[in-house]
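Student: what shape does this take:
(one chain, ligands or ions: 3)
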Amino acid sequence: MKTLAIDGDRLWRSLMDLARIGAYKDERTGLLGVNRLALTDADGEGRRLVKKWFEEAGLQVRVDRIGNVYGRRKGAKDVEPVLSGSHIDSVPTGGAFDGVLGVLGALEVFRTLDDARVTTMRPLEVGFFTDEEGCRFGTDMLGSAVAVGRIPLEKAYALEDKKGIAVKTELDRLGFVGTANERIAPPHAYVECHIEQGPILRAANMDLGVVTGVQAISWQELTIQGKSAHAGTTPMGLRKDAGVAAARICVHMNELATSGRFGAEMRATMGGFDPHPGLVNIVPGRVRCTVDLRNPEDVKMAEAEKELAAFLNKLEKEMGVAIEARQTAKTGRIHFSSDVQAVIAAKMKAAGYVFQHIISGAGHDAQEMASLCPTAMIFVPGEYDGISHNPREYSTPEQCTRGVGILLDTILELAG
Ligand code: GLV
Ligand code: MN
Ligand code: MN
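Tutor: Residues are numbered from 1 along each chain as shown. Ligands and ions are numbered 1, 2, ... in the order given. This next block holds a predicted model:
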């Protein structure tokens, strides 16, 4: 069979067309960023456009009850499909590639097969999953976690954003509560192309990466209750300053991650910090803040969580504040299928690419699918130290074309 090649220009045009939805000008850099926060109007507009593209590509489209959208391309036999995809929601300060490359990349693969009139033995499916980012409703990989049964539908529906608006309310408002069962039957295999979102591949001058798995992720929301007071009149010794408590937790987390006690790859971040009432001359009586811990080893992650919990206890006693910790997301270390990794690596080798195996630092829908079927991912390097979740997020057209070309080759092999 003649070797097939994807149309890199068409892929790039699709990426740039979708990036216009939710586009905003970043004040500091002047760059165009993307804000398609899950289940906002912009996400709804993006969903409608990509769904239309699925339909125009002749795919059989279905929307499930958590708003995941799938497009199916018939195979010669009616057997389990090879599934590919990712997400099109973004963090509020996102770029044009995170998630989108996996969805539009799979669509480009299907378009290429259509152009060449190729029918695979197995059906092919592309999916985009609801709220992968977790920035709004607190839990990442929401749609794919519901699809594989890790999170029950009713629990997902009831999650609320900071304004108390529920997932179900927003899905209804946008018209994305579908009729398809949210629990998917195990596909034959799942493969996802995604940007690396980090500096490793680019620094090593790699064309691409084969992803071995995803590290463990643990998110918490802390509510620190102190005592609000006048900033000018209240002596330092008489305060219960929730802001100081949050700052001490932040510094402790940084120490915990850099100490080496939990391995060299331990990461800890306090990305959200919301003092109340948040005014110049008032001691904050309450702070809500977030904890993001990552570690490639489950045992070390558990130890780090335990140490942090002990520190929170100590701080409560020492400062007289009350700290409520709520776990908002938690996933263990995921190992991807060595068979699917081998197929991806063989395709990269055959194409003459320089590549390496790499564990994912970020969470992905693929990690949920890994509980259902053999799964792996292809990583595309990023420019500017691989910065991501930022308007500067950028992978070149050549880098994207390479990654999606390997997605095509891998899907063809897996689908027969
Ligand atoms: C997903 O983007 C994550 O936070 O890892
Ligand atoms: Mn992503
Ligand atoms: Mn992301």
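Student: next one: the strand or helix carrying residue 401 to chain centre, how far?
Tutor: Taking DSSP states H and E as the criterion, the element that holds residue 401 is helix 397-415. Its chain's C-alpha centre and that of helix 397-415 lie 20 Å apart, by CA atoms, centre = their mean, to the nearest Å.
Student: in the chain, where is pLDDT below threshold?
Tutor: Within the chain, the stretches falling below the threshold (pLDDT under 70) are 1-2.
Student: contact residues of it facing ligand 2?
Tutor: Proximity of the chain to ligand 2, by CB under 5 Å from the ion, involves residues 98, 99. For the C-beta atoms, the positions are set from N, CA and C on the backbone; glycine is no exception.
Student: alongside ligand 1, which residues does the chain contribute?
Tutor: Near ligand 1, the residues belonging to the chain are 133, 140, 362, 363 when assessed by CB under 6 Å from any ligand atom.
Student: tabulate those residues (TSV), appending secondary structure and neighbour count.
Tutor: Rendered in TSV, the data for the residues of the chain next to ligand 1 read as follows (DSSP: H, G, I helix; E, B strand; the rest coil; neighbours: other CB atoms under 10 Å):
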residue	secondary structure	neighbour count
133	coil	23
140	coil	25
362	coil	19
363	coil	23
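Student: quick one: stretch 331-351 to chain centroid distance?
Tutor: Taking CA atoms, centre = their mean, the mean C-alpha location of stretch 331-351 is offset from the chain mean by 19 Å.
Student: residue 200 - how many residues pack around it?
Tutor: Number of residues near residue 200 (other CB atoms under 10 Å) recorded here: 17.
Student: does it touch residue 358 like I think?
Tutor: Yes: counting by CB atoms under 8 Å, residue 358 is a contact partner of residue 200 at 6.1 Å.
Student: need the residues touching each of the two.
Tutor: Common neighbours of residue 200 and residue 358 are listed as residue 209 (criterion: CB atoms under 8 Å, 6 or more residues apart in numbering).
Student: CA atoms only: put stretch 174-188 into CSV for me.
Tutor: What follows is stretch 174-188 as a C-alpha-only set of coordinates in CSV (Å, rounded to 0.1, in the frame of the first residue of the first chain):
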residue,chain,number,x,y,z
LEU,A,174,-25.3,24.7,26.3
GLY,A,175,-27.4,21.8,25.0
PHE,A,176,-24.7,19.2,25.6
VAL,A,177,-26.6,16.7,27.7
GLY,A,178,-26.7,13.9,25.1
THR,A,179,-28.6,10.7,25.1
ALA,A,180,-25.7,8.3,24.6
ASN,A,181,-24.7,6.2,27.6
GLU,A,182,-21.7,7.9,29.3
ARG,A,183,-20.0,4.5,30.1
ILE,A,184,-18.2,3.4,27.0
ALA,A,185,-17.5,-0.2,26.0
PRO,A,186,-13.8,-0.9,26.1
PRO,A,187,-12.3,0.1,22.7
HIS,A,188,-9.7,-2.1,21.1
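Student: great, nothing more from me.
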